[in-house]
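Asker: need the 3D shape of this:
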Amino acid sequence: MKRFFTALTLLIMSVVPLIAQEDIDEILQLVQENAFRIVITARVIANNKVSVWNMKVSRLTISGKTVNVKLTDENIIVIAYITPYLEEDHSITLMAQGQVYLSNSKKGGVQYVSSVKSLPIELGETVLFYPLGVADDKDKETDHFIIELEIQVLPYS
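Answerer: Take a look at the predicted model:
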């Protein structure tokens with residue numbers, strides 16, 4: 001991710017060579033102040049509350065730029081789009097969209113489920129996102145899995 005800032009620096013220096021060094025430093029400082037590290041821990045939890053699969057991803061982004069996470073298995077594809085928006089009061093609005101494709105070999109075809117959530121958060125706060133929702137009491141009697149995304153937005157460092 002540091003390559004992103006290196007590439008941005010080189011681009012700025014090559015496009016506008018007449019800009020004073022102070023201006024370039026100010027531009028880079030502004031980019032760093034608006035950059036975030038998104039840490040996503042994805043889990044698949046069985047109905048006995050045991051985590052049967054984990055994955056941790058850390059991505060660098062800026063306000064308004066989406067981070068994508070894709071989880072695949074033979075019968076399921078989960079795609080999560082996580083976008084932080086920096087507000088004027090320096091709070092963050094986090095937009096989380098989930099798309100789930102489930103293939104059913106017994107019935108044939110593919111089932112599609114989509115969900116979108118938006119909520120205000122503070123830097124460092126942990127948010128849980130369930131692209132398929134959570135099981136209710138009647139679902140607890142059958143075997144099922146829950147997909148859980150733990151999302152944390154951190155300042156760039």
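
Asker: contacts and neighbour counts: CA atoms only from here.
Answerer: OK.

Asker: three-state assignment of Gln29?
Answerer: Under DSSP: H, G, I helix; E, B strand; the rest coil, the three-state class of Gln29 is helix.

Asker: next one: it from Leu154, what distance?
Answerer: From Gln29 over to Leu154 the distance is 17 Å, taken as CA to CA, to the nearest Å.

Asker: so which of the two has more stuff around it?
Answerer: In terms of neighbours (other CA atoms under 10 Å), Leu154 is the more surrounded of Gln29 and Leu154; the figures are 17 against 12.

Asker: and the more buried one, what element?
Answerer: With secondary structure defined by DSSP states H and E, Leu154 is part of strand 145-155.

Asker: so what strands line up beside that strand?
Answerer: Strand 145-155 has the following strand partners under DSSP bridges: strand 35-46 (antiparallel), strand 126-129 (antiparallel).

Asker: can you list the neighbours in contact with the shortest one?
Answerer: To tie it back to what came earlier, the one meant is strand 126-129. By CA atoms under 8 Å, 6 or more residues apart in numbering, the residues outside strand 126-129 that reach it are Ala96, Glu148, Leu149, Glu150, Ile151, Gln152, Val153.

Asker: in that strand, what counts as buried?
Answerer: Buried residues in strand 126-129, counting neighbours by 16 or more other CA atoms under 10 Å, are found at Phe129.

Asker: same deal with the longest one?
Answerer: In terms of neighbour count (16+ other CA under 10 Å), strand 35-46 has its buried residues at Ala35, Phe36, Arg37, Ile38, Val39, Ile40, Thr41, Ala42, Arg43, Val44, Ile45.
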